[in-house]
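Engineer: model this:
(chains A, B, C and D)
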Number of protein chains: 4
Amino acid sequence: MRSCDGTTAEEASSRQGKGTDQILEAHAMRKGDLLSKAVEHIDIKAFDSTPIMEGFGNMAFQARNLARAARIYDEMIVDEGCTIILCLSGSLFSAGIKGIVYDLVRHDMVDVIVASGAIIVDQDFFEALGARHYQGTSVIDDEKLRRLGIDRIYDTFIDENELRECDMIVAKIAEGLPPRPYSSREFIVEMGRYLSENEQNPHSVVLESYRKGVPIFVPALSDSSAGFGLVYHQNERGENPKVTIDSVRDFLELTRIKTLAKETGLVMIGGGVPKNFAQDVTVAANVLGEKVNMHKYAVQVTVADERDGSLSGSTLSEAHSWGKVDRSLAQMVFCEATIAFPLMASYVYHSGRWRGRTPRNYNEALSKVVG
Amino acid sequence: MRSCDGTTAEEASSRQGKGTDQILEAHAMRKGDLLSKAVEHIDIKAFDSTPIMEGFGNMAFQARNLARAARIYDEMIVDEGCTIILCLSGSLFSAGIKGIVYDLVRHDMVDVIVASGAIIVDQDFFEALGARHYQGTSVIDDEKLRRLGIDRIYDTFIDENELRECDMIVAKIAEGLPPRPYSSREFIVEMGRYLSENEQNPHSVVLESYRKGVPIFVPALSDSSAGFGLVYHQNERGENPKVTIDSVRDFLELTRIKTLAKETGLVMIGGGVPKNFAQDVTVAANVLGEKVNMHKYAVQVTVADERDGSLSGSTLSEAHSWGKVDRSLAQMVFCEATIAFPLMASYVYHSGRWRGRTPRNYNEALSKVVG
Amino acid sequence: MRSCDGTTAEEASSRQGKGTDQILEAHAMRKGDLLSKAVEHIDIKAFDSTPIMEGFGNMAFQARNLARAARIYDEMIVDEGCTIILCLSGSLFSAGIKGIVYDLVRHDMVDVIVASGAIIVDQDFFEALGARHYQGTSVIDDEKLRRLGIDRIYDTFIDENELRECDMIVAKIAEGLPPRPYSSREFIVEMGRYLSENEQNPHSVVLESYRKGVPIFVPALSDSSAGFGLVYHQNERGENPKVTIDSVRDFLELTRIKTLAKETGLVMIGGGVPKNFAQDVTVAANVLGEKVNMHKYAVQVTVADERDGSLSGSTLSEAHSWGKVDRSLAQMVFCEATIAFPLMASYVYHSGRWRGRTPRNYNEALSKVVG
Amino acid sequence: MRSCDGTTAEEASSRQGKGTDQILEAHAMRKGDLLSKAVEHIDIKAFDSTPIMEGFGNMAFQARNLARAARIYDEMIVDEGCTIILCLSGSLFSAGIKGIVYDLVRHDMVDVIVASGAIIVDQDFFEALGARHYQGTSVIDDEKLRRLGIDRIYDTFIDENELRECDMIVAKIAEGLPPRPYSSREFIVEMGRYLSENEQNPHSVVLESYRKGVPIFVPALSDSSAGFGLVYHQNERGENPKVTIDSVRDFLELTRIKTLAKETGLVMIGGGVPKNFAQDVTVAANVLGEKVNMHKYAVQVTVADERDGSLSGSTLSEAHSWGKVDRSLAQMVFCEATIAFPLMASYVYHSGRWRGRTPRNYNEALSKVVG
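Structural biologist: Next up is the predicted model:
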C-alpha cells in the first residue's frame, strides 16, 4: 500500500486506534515513543486546490459553500480598499495549520490577526522556541499520559515540560519590559522581537507578523501559556509595578484599525471570542462616534451550529441584524478546519492575485494613533 | 474576481443567500429561473488529491483521519482477496457525487453497492432519464416553491414534474415483469436493463453497474421514487399477481456475497440503513452456519456522532463488539461527504493500483447461487 | 450523596467511565458482572413535566422549541379528525424509551407506528421474550466485549446469545405462516400474536399494539434481528414457497391509512427511513389519484442538522416544499431523544386530553381495504 | 389546546416560524410588535426534577449522563471542603437561564463564577437596568431587523438602543473609579455596587453576587457591552490615566482561590474561554510553586464535540492528561443548555443539601490576599 507518510499501512494502523495502546503496553509507555512523529504543517504552495474548488463550486452542500467562501476571500484580496482580518479559534496550529497562516502573512494576504491565546502562544511561539506537537491518538489512557507529562489535544501529544519552558520565557519577556498596561498586541510584538533575537525556528506566525507589522490580537491572552508566564511575573513582582495586559486597549486598537481601513473583510476559522471581538469593532467605532461600514466580506469555517444560540455557530445573517456584517458577500462553511482551510487557502494562494497587494503594516500605524 | 463557475461574484452572491429572495421577487418567481443552473458532478479524474492527502496525513484531527481512510481504501483495492462494498446514504447524487461512484464502478474499484432509494432511484435513475438537479438556496420561502412544483433538498432544487415521470417509468418497468417477489437488486437490474435500451444520459451508476454486473442493494426500496411507482403498480393490479420487493431476499443475497468473498471491506459514505445492513451480513452468514470473517477493512465518512446512540454515528469499534468489523484497519472521518469523498476517491483513483484488478460480476454469481 | 439509582456515587462512578475498566480487569471481565444493571424504562406517568414545559415555553432556543412541540402534539390529540403517526429511529428502546411508547399506545395517543427494525424487533420483541438491555459504558475494550459475546450500543450492553434466540423465534414464526408476501405490518401482527400466546414480559409495544390494532410499519424490516430470522427461514426453504416481506405493500397500506384519515400528524423521534417513509405517503396518495392534505401537524426531535443535506436533519419547512408537511404547526427540536421525549410525552400524558379519544384500530381497517 | 404561555396554539404558531414573517409584513414591521413578549427566566424552585432525573439515571445515553452530572454536582455541595466554580458560556441569560444562576448564588450553591462578557454584562447587567430580552424567531429578514435597531440571537430579539444605554452606564462607572488596572472581577464588583445603589431589577446575578461576595471573572471582558463602555472611557481619557482591565490579575486571583480552597469542583455550562480558564488554575498554582489538587469534580453540559480538537468539546478525560481534572467524578452531558441545566439545577436545589452550607465570600478573601 502506498503510504502518505512513509510508513506502511500496518505501521500506520498500529500507531492509531487500539493498536497504539497495545504498543504502549509493550514498550511500557516510554515517553519518547509517544513523542516520536511530529505534526508537519501543510504547505498550501505545494498543491493547487483550484481544480477541486472549481468542481466544488458546481456541486451542493458544504462543497459549494467552501468554494464560494474561497472566492469571497479571493475577492477581498483584490479589493484594494479592503483590510483583511483573520480570526483563529480552536487548536489549529497544533494540528498543522500554522504553515498556512505563516504563508498568508508572508504574502500579504492577511492584515490583522485575532486569535486565541493557545494558538499564538502555546502553539506558535512554542514551536518557534524549537518544540513540536506530535501525532498521537484519542484512544489512550489519559492517566498514563498525565504520569508521563504528556498533554493531549484530541489525537495529538505535547511535552508538558516544553510548555513549562515556554511559560517561563513569557515571564522573562515580561520581566524585561517597562511596567505598564499593554495591549495583547503590544505584548505579542515583544514576543516577536524576542524571537527575532533568539531565533530557533523561523517558521513562526508571531515572528513573521512582527517583521511585517501585522498586528496580532489575543483578547483573552491570560487564557494561555502566556497567562502562566504573566501570572508568574505578577506574583514575583508582589506590590511593585508590573506588566499588565489591558484587553480594553486591544479593543481600542482594533477599532482604530477599523476606522483607518476603508473596508474590512473577516476570514474566520472557528468561532469563539476572536469571531465576536472582530465583529464587534464596527459597533465600537460607532460608540466612539466614527461612521464606519459593516464588514464588507465575511466567511467562517466552523463545525458549530446556530441551534444552541451561541456565538460560535451563529449565522452571518444574524450578525447582520447587529449591524456588524454585510451579508451579501458572506458565507458560512460547516466543515472541520483542518480539511477546509487548506483547500480554501491554497485556492487563494494560487489565484496569485495577492501579488503586488500593498502591505498595511498596522503595527506602525497603531504606534502613531494610540496614546 | 476569478470565478469557479463562470459567473461573477456578484452574480454568485445574488444566486445564494438573501440575494436570491430579492431576485425571486423581482422575477415573480418563474420556475425556469429557479431551475437554471444544474448541479455538475465532480470528476475525480480531473484533479489529483494525492499531494493534499499526503499533507493531511502529517497533520491531525479530521484531515489526518481522512488521509488514513483513503489509504485504507487504497489497501482494499490492492488486496486481491477483498470484495469492496460501497454504502451510500444521504442526498449524495443530487449534490454532485454521482460522477465519483460512476468512476469507481467503471474502474473496478467497487464490487457491491448498498444505498438509499433516494440516491439510486430519485437521483441516479432520474438523471439517467434526462432530468437534472439544480443549484438553489436554503434561504427561500418553501411555500412558494411548493406552488411552483419545485422540491428542495437543502440548497438544491428539483422539478417535481420530472420526479413524477420517473415514478411512472418505474411503474412501467414493474408492469413488464413476471409477477413474483424480487430482491431490490433484481429490480434495479431491470432498471439498468431499461436504461440500456432507452438510454438518455449514459452517465448513470444504475446503468454502469448493470453493464459491469455490480449488484446494487436498496434495503428500503419503497422509501423512494421507486416506491411511488411500485405502489402505483400494485394498486393497479388489485387482486391480481404483482411484483413485490422482498428485502429478505436482499439480505440473503448480500450474505451469499459475503460467503463467496474471501475478505470484505466497507467504504461507507453516510450511515443509516445501508451501513447497518452491510455490517450485519457477517452475523447473517453466521446464522446460516457459514464461518466468515468480520469485515477486514472499514471506513466511514459522516457528520453524525455517537452521542445519541444511533447507528449512523456509532463508532467502528462499537461494531467490533458485535463481531461485524475488524477494527485494526478501520477509520471514521467526521466530515461532510461532498468535501471528503471527492478527496478520498481522487486519491485512490490516482494511486492507479486498481488497474488490472479483477471485476467480480456478482450479479452473475448471484444468478447461480440464489434460488 | 443521594443517589438516583440506589447506589452510592462511588459505585456509580466506578460503574462508568474509567472506573469500569479497572473493575473489569479486577474481575477478569466476567460476563455476569457486565450484564448486571438492567436499563429501566422511564415512566411518564410517574412525573408531571407540565410545570417544566410551561417554564420552557417562556424561554428560548431548544427549551422553547421543545415546549412548542409538546403543545403541537397535544393539539393533535384533541383534533378528533387527526390520525397520529409516531416515527421512531435510533436505538431508543434499548435506552429506556420503550415504556413511553407503550403508554402512548395503551392510552390511545398514537394510531400508527413507523419504526426501525432494531427498535421493534431487536429491542421491543427481544425484551418481550424476557431479555434485557444493560447499563454499560462507552469507554471499554470492544475486543474484550466481543470475546464475551456482549454487543455494545454506546453505553449499553446486550447479551449476543439472547439476540440469537430472538432471531430464531422470528424464524419459527415465519415457519408457521402460509408462504406469501407479507407487509412488515402483517408480519409484526404475527409477532404480536406470538407474544399474546407466549407472554413473558407484557410490557411490549408489539404486544400492546397487537391488542389495540395499532399498525406497526418497519420499512426496512430485514435490517434487524427479524432479518436474521427471515434469512434463516428463506434459506431453509430453499426452492420451496416461503414467507417474503414486501415493503411496497407497507407503503400501500400506509397510503391507505392516509386516505382513510381526515388529517394526520407526525410525531418523529429521530429521522432516517421512518421519517421519510411517513412523510412520503401524502405524495403516494396523490400518485394513486387520491386527493389528500399534507400532514397537518409535524414535530421532530433529532440531533441531526440540515447542513449535510440528508433527510434526517432536513427541516420541516424543506418537507413543505415537497408538499408533504404543512409548516404552520410544525416544530423541530434539536435535542437528544432520551432527554426530550420523556418531557414531551409526560406533558401530553398529563394534559389528559387523550381521555375519551377514539381508538382507530387501523389493523382492522386495513384487513378490509388491502387485497 | 392548553397553552403553556397563555396564548392559543394558533397565536403561538403565528409568532414563530413562517407565521411571524407574514404578521411582520402585515404590521409593517413595527418595532413594538417584535419586542412584545419578554423571555421569562425559568424558576427551578417551581418544579422538582428529582423524579425525572431518577428515571433518567436508569436509562442510557444523555439522559443517564445528565442524571449522573446532577448527582456529581449534588455531591460537590455536600463536600464541605469543596469550592464550586460555575463556568458559563453561550447566550444563556438571554435565553432564560439567569434565574437559575441567581438562585444558585442566593442559596450558596456556587462560590465562584467564570463567564463570558455577554452573559454578565450584555444580559445580566442589562436586565438589571430594566431592559429585557424578547421571544422572536430565527426565520426573519435580518436586514429589516437591522433597520429597526433590533439585534437577534437565534430566536430572541434585543433592543439595540437599550444595549447602547448599558454600554454608557459601564463607561460612567469606569469614569467614577480611580484610574488603575482592575481585574474583571474588581470591575464587576463595581458594577454590583452601582446596581445596589441604582436598583431597577433586583433579580440580577451581578447584584446578588456582589451581596454574597461571590467573585465573577470574565477573562475576555472587553468582548462584551462592557468593552464598548470601557473603550469609550479610554478614548475619552486620551493621554490621561484611565481604568484598564488586566486579565492577568484575574488569572492570579482565581489561582489564589484555588490555593485557598481545599478542593474544587467545576460546573460548566458551555465551553469556550471560561472552561479553559477555570481548568487552567490548577496548572497556574503549580507554576507559582503551590501544591494543589486537580479539580476533584467536573461536569460539563455542551453541544460541542471533540472531533475538531477544540477546547469547548474536549473531554474531561483529555483535561485529565493535562493534570487539570480528576476524571473519576467527571461527566460530560451532550445536550443543549436551556433543556439540561434547568433539570440539573432543580434536582440539586430540591435535594436541599445546600442548606447550611458555608458561604465562601471569596471577594472578601481576595481583598486580603491580592496586592
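
Engineer: got the contact list for the residue lying closest to A:Tyr232 once chain neighbours are set aside?
Structural biologist: Distance criterion Cβ to Cβ, 6 or more residues apart in numbering or on different chains; nearest residue to A:Tyr232, sequence neighbours excluded, is A:Ala171 at 4.4 Å. In short, each C-beta sits where N, CA and C put it, glycine included. Contacts here follow Cβ atoms under 8 Å, 6 or more residues apart in numbering or on different chains; on that basis A:Ala171 touches A:228-230, A:232-233, A:236.

Engineer: repeat the analysis, applying 10 Å as the threshold.
Structural biologist: A:Ala171 is in contact with A:226, A:228-236, A:243, D:287, counting by Cβ atoms under 10 Å, 6 or more residues apart in numbering or on different chains.

Engineer: then A:Gly96?
Structural biologist: A:Gly96 neighbours (Cβ under 10 Å, 6+ apart): A:38-43, A:133, A:135, A:156, A:338, A:342, B:55-61, B:63-64.

Engineer: so what does A:Ile153 have for phi and psi?
Structural biologist: Main-chain dihedrals, A:Ile153, degrees, to the nearest 10: phi -120, psi 100.

Engineer: who's it bridged to?
Structural biologist: Bridge pairing for A:Ile153 (DSSP bridges) gives the partners A:Thr156.

Engineer: number of nearby residues for it?
Structural biologist: Look at A:Ile153: counted by other Cβ atoms under 10 Å in any protein chain shown, it has 27 neighbours.

Engineer: likewise A:Asn293?
Structural biologist: Neighbour tally, A:Asn293, other Cβ under 10 Å: 14.

Engineer: return the set of buried residues in the strand or helix carrying the residue nearest to A:Tyr232.
Structural biologist: Taking DSSP states H and E as the definition, A:Ala171 sits inside helix A:160-175. Across helix A:160-175, burial judged by 16 or more other Cβ atoms under 10 Å in any protein chain shown covers A:160, A:162-164, A:166-171, A:173-174.

Engineer: list the buried ones in the longest helix along chain A?
Structural biologist: Looking across chain A with DSSP state H, the single longest helix is helix A:61-78. Neighbour counts over helix A:61-78 (16+ other Cβ under 10 Å) mark A:61-77 as buried.

Engineer: circling back: mind putting the buried residues of helix A:160-175 in TSV, pLDDT included?
Structural biologist: Formatted as TSV, the buried residues of helix A:160-175 follow (pLDDT from 0 to 100):
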residue	pLDDT
A:Glu160	96
A:Glu162	96
A:Leu163	95
A:Arg164	95
A:Cys166	97
A:Asp167	96
A:Met168	97
A:Ile169	97
A:Val170	98
A:Ala171	98
A:Ile173	98
A:Ala174	98
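
Engineer: tell me which of those residues is nearest to D:Leu329?
Structural biologist: D:Leu329 has its nearest neighbour among these in A:Glu160, at 23.1 Å by Cβ to Cβ.

Engineer: for that closest one, which non-adjacent residue is spatially closest?
Structural biologist: Excluding the flanking residues, the one nearest A:Glu160 by Cβ to Cβ, 6+ apart is A:Gly149, at 4.3 Å.

Engineer: ok, now A:Ile188?
Structural biologist: A:Ile216 (4.7 Å).

Engineer: tell me how far stretch A:168-185 is from the chain's mean position?
Structural biologist: Distance of stretch A:168-185 from the chain centroid (Cα atoms, centre = their mean, to the nearest Å) equals 21 Å.

Engineer: sorry, wrong one. I was asking about stretch A:331-351.
Structural biologist: With Cα atoms, centre = their mean, you get 14 Å for stretch A:331-351.

Engineer: and stretch A:149-157, by the same measure?
Structural biologist: On the basis of Cα atoms, centre = their mean, stretch A:149-157 sits 19 Å off its chain's mean C-alpha point.

Engineer: measure it end to end?
Structural biologist: With Cα to Cα, to the nearest Å as the measure, the ends of stretch A:149-157 fall 10 Å from one another.

Engineer: quick one: average confidence on stretch A:48-66?
Structural biologist: What stretch A:48-66 shows for mean pLDDT is 98.

Engineer: touching chain B at all, it?
Structural biologist: Yes. Counting by Cβ under 10 Å from any Cβ of the partner chain, chain B is contacted by stretch A:48-66 at A:48-66.

Engineer: quick one, strands of chain A?
Structural biologist: Using DSSP state E, the strands of chain A run over A:82-88, A:112-115, A:134-135, A:150-153, A:156-159, A:181-182, A:216-217, A:244-245, A:263-269, A:297-302, A:330-334.

Engineer: if you count neighbours, what's buried in stretch A:193-211?
Structural biologist: Neighbour-count burial for stretch A:193-211, counted by 16+ other Cβ under 10 Å, picks out A:194-195, A:204-210.

Engineer: can you check stretch A:237-246 too?
Structural biologist: Residues of stretch A:237-246 classed as buried: A:242-246 (neighbour count, 16+ other Cβ under 10 Å).

Engineer: can I get those residues in CSV including distance to chain B?
Structural biologist: Listed next are the buried residues of stretch A:237-246 as CSV, based on distance: Cβ to the nearest Cβ, whole Å:
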residue, distance to chain B
A:Lys242, 37
A:Val243, 33
A:Thr244, 35
A:Ile245, 29
A:Asp246, 34
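
Engineer: from A:Ala115, how far off is the residue nearest the centre of chain A?
Structural biologist: Centroid-nearest residue in chain A: A:Leu88, 3.8 Å away (criterion: Cα atoms, centre = their mean). For A:Leu88, the distance to A:Ala115 equals 4 Å [Cβ to Cβ, to the nearest Å].

Engineer: what sits in contact with each of these two?
Structural biologist: Listed as contacting both A:Leu88 and A:Ala115 by Cβ under 10 Å, 6+ apart are A:101, A:123-124, A:205, A:216, A:218, A:269-270, A:272, A:274.

Engineer: farthest pair within the residues you listed?
Structural biologist: Spatial extent of the shared contacts of A:Leu88 and A:Ala115 (Cβ to Cβ) is set by the pair A:Val205 and A:Gly272 at 17.8 Å.

Engineer: where does the stretch 1-150 of chain A dip in pLDDT?
Structural biologist: Residues of the stretch 1-150 of chain A meeting the criterion pLDDT under 70: A:1-28.
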